[in-house]
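Student: Requesting a structural model of the entry that follows:
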Amino acid sequence: MKITVNGDVKEVKDGITISELIEQEKVETPEYVSVSVNEAFEQKANFDTRKLKDGDVVEFLYFMGGGQ
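Tutor: Reported below is the predicted structural model:
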């Protein structure tokens, strides 16, 4: 199936979970990443069970702190 990940169309296995996608995409510091699917934020507690569907749009987002 095809999904869009951070603007790039990717071919992934049917029924891939968010956790599996994070691993497959070799996301750095996965403990700090937020994930949106079709513009809706997903809870980290659901990453292992939330299955993606053909055509989903996934964004990996990192919130940085700092500044003055």
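Student: Please name the strands paired to the lowest-mean-pLDDT helix or strand in the chain in the sheet, noting orientation.
Tutor: For the chain, the helix or strand with the lowest mean confidence is strand 57-62, at a mean of 94 (criterion: mean pLDDT, DSSP states H and E). Applying DSSP bridges, strand 57-62 is found paired with strand 2-5 (parallel), strand 33-37 (antiparallel).
Student: Could I have the CA atoms of the last one written out in PDB?
Tutor: Output for strand 33-37, consisting of C-alpha atoms alone and laid out as PDB, is shown next (Å, rounded to 0.1, in the frame of the first residue of the first chain):
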ATOM      1  CA  VAL A  33       8.700  12.200  18.100                       C
ATOM      2  CA  SER A  34       5.000  13.200  17.800                       C
ATOM      3  CA  VAL A  35       3.000  11.600  15.000                       C
ATOM      4  CA  SER A  36       0.100  13.000  13.100                       C
ATOM      5  CA  VAL A  37      -2.000  10.800  10.700                       C
END
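Student: So for that strand, mean pLDDT?
Tutor: For strand 33-37, mean pLDDT rounds to 96.
Student: quick one, helices of this structure?
Tutor: Here the chain has its helices, by DSSP state H, at 18-24.
Student: Okay, now the unreliable bits of this structure?
Tutor: By pLDDT under 70, the low-scoring segments of the chain are 64-68.
Student: do that again at 80, thanks
Tutor: Residue ranges of the chain with pLDDT under 80: 63-68.
Student: Quick one: residues contacting the closest residue to residue 61 other than its chain neighbours.
Tutor: Spatial nearest neighbour of residue 61, excluding adjacent residues (CB to CB, 6 or more residues apart in numbering): residue 34 at 4.5 Å. Using the backbone N, CA and C atoms, a C-beta is placed for each residue, glycine as well. Counting by CB atoms under 8 Å, 6 or more residues apart in numbering, residue 34 touches 41, 60, 61, 62, 63.
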